[in-house]
Structure formats: C-alpha cells, structure tokens
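In: No sequence on hand, only this structure:
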C-alpha cells in the first residue's frame with residue numbers, strides 16, 4: 001500500500017461513520033474484456049470486505065446475451081474466500097450469498113417478472129390485490145437486498161441496475177475506467193460515502 005493509500009485508509013478508519021454494509025459495483029461486459037479484469041474484480045471485492053462491508057453485489061450489464069454463459073463461467077472461477085451466488089437472465093431463485101453477481105438480469109426484467117408473479121397469484125385467487133405492498137415485491141426479487149452504496153466506474157450512467165433495490169442507495173460515479181481503478185480510488189469512494197448524510201428518501 002502506498003503512502004497516500006495508507007493516509008486514506010487511516011482517515012477512513014478514524015471516521016466515526018460506519019462503512020456501507022452492502023456495496024454494489026456496476027460494470028459492463030466490455031470492462032471484463034480488459035486484461036486483468038477478473039483479478040481486478042477479486043481485488044475490489046477483497047477491499048470491500050477489508051473495510052467493513054458485509055455484502056457485495058456485482059452487476060454486469062450486457063449488450064448481447066450470447067456472452068452471458070462465457071461471463072458466468074469466468075465469474076464462477078473468481079478467487080475469493082466468500083461464497084458467490086450468480087444469477088442470469090431467466091433465473092428466478094433468490095440470490096443469497098456474501099457476494100452476489102448479476103449478469104445481464106436487468107432491473108426492468110426482474111421487476112416485470114415480479115409483477116407477472118403477483119398477477120398470476122391474484123388470478124389464481126391466492127392473493128388479494130388490495131393487500132399487495134412493497135414487502136410482497138421484495139420477497140419475489142432475485143436480488144432482494146438493498147445496497148447502501150453503488151459504485152459505477154467509467155461513466156455517470158447506471159444502465160438498468162436494480163431499479164427497486166437501489167432507490168435509497170448512495171450513488172458514486174468516477175470517470176476512472178475499470179481497468180485503472182485502484183485501491184485509492186475505492187478508498188476515495190468510501191470517504192465520499194462517509195461525508196454524506198443519508199436521508200433514505202426523506
């Protein structure tokens with residue numbers, strides 16, 4: 001760790017503000033084509049847990065779903081001591097692991113699947129539409145946990161990321177591309193999070 005990285009880490013640890021419990025990383029399939037991209041992802045996941053995070057969600061946006069099997073195969077080989085749950089388009093099983101990876105399962109598609117599920121239960125007489133609330137939606141999401149902090153590299157655009165879950169998340173955009181993202185950049189993001197006053201929509 002360089003001197004500046006050490007300084008940022010010290011400032012972070014001396015701050016009374018708690019670390020985000022759930023960090024989400026938004027990257028693209030193009031980011032994963034860069035040399036060393038998977039090693040970088042392993043490193044960022046380690047940094048997150050090193051500085052107090054309890055859960056990491058990685059959302060990989062894809063333009064062509066044909067690449068999903070390849071990405072899934074590579075991501076399942078990540079070298080991390082934490083269990084990983086990977087979900088793809090068409091998956092409905094809830095993701096429940098310290099590291100969750102979303103490959104191309106956009107927020108619109110996930111939410112539409114929940115709406116269809118609710119509509120089917122209403123049609124079958126299993127659910128009264130007047131009783132439906134946010135909890136019913138959350139119980140049916142593939143990625144049910146709300147991130148505290150969302151980090152997006154390379155551009156100020158979230159794409160189709162966890163539409164329901166991230167409504168109250170703190171968003172952090174950096175123009176540093178994924179291949180150039182360093183520990184100091186992650187620490188800067190955490191320091192930015194500590195400087196904010198979360199309002200949860202209030």
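Out: Good, I have the coordinates. Everything quoted here is computed from the prediction, not taken from an experiment.

In: what's around residue 123, how many residues?
Out: 9 (other C-beta atoms under 10 Å). Yep, even glycine has a C-beta here, placed from its N, CA and C like the rest.

In: let me fix that: residue 44
Out: 22.

In: contacts for the helix or strand hosting it?
Out: Using DSSP states H and E, residue 44 sits in helix 37-50. Contacting residues not belonging to helix 37-50 are listed as 23, 25, 27, 31-32, 34, 56, 58, 74-75, 77-80, 82, 98-99, 178-179, 181, 183, 186-187 [C-beta atoms under 8 Å, 6 or more residues apart in numbering].

In: what are the ranges of the strands in this protein?
Out: For the chain, strands defined by DSSP state E occupy the ranges 22-28, 55-61, 84-87, 99-103, 149-153, 170-174.

In: any chance of those in a markdown table, plus mean pLDDT?
Out: Shown next, in a markdown table, are these (pLDDT from 0 to 100):
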| stretch | mean pLDDT |
| --- | --- |
| strand 22-28 | 95 |
| strand 55-61 | 95 |
| strand 84-87 | 96 |
| strand 99-103 | 96 |
| strand 149-153 | 94 |
| strand 170-174 | 93 |
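
In: Tell me which of the ones you listed sits nearest to residue 4.
Out: strand 170-174 (16.1 Å; C-beta to C-beta).

In: What pairs with the closest one, parallel or antiparallel?
Out: strand 149-153 (parallel) (DSSP bridges).

In: tell me which residues in the top helix by length along the chain are buried?
Out: Longest helix in the chain by number of residues (criterion: DSSP state H): helix 107-123. By 16 or more other C-beta atoms under 10 Å, the buried positions in helix 107-123 come out as 107, 110-111, 113-114, 117-118, 121.

In: Please apply the same query to stretch 19-34.
Out: Those would be 19-20, 22-29, 31-32, for stretch 19-34 by 16+ other C-beta under 10 Å.

In: Quick one: end-to-end length of that stretch, please.
Out: 29 Å (C-alpha to C-alpha, to the nearest Å).

In: next one: that stretch to chain centre, how far?
Out: Stretch 19-34 sits 7 Å away from the centroid of its parent chain (C-alpha atoms, centre = their mean, to the nearest Å).

In: Residues in contact with stretch 178-193: which ones?
Out: Contacts of stretch 178-193 (C-beta under 8 Å, 6+ apart): 1-2, 4-5, 8-9, 11-12, 15, 17, 19-20, 27-28, 31, 34-37, 40, 43-44, 47-48, 51, 148-149, 151, 153-154, 170, 172, 174, 176.
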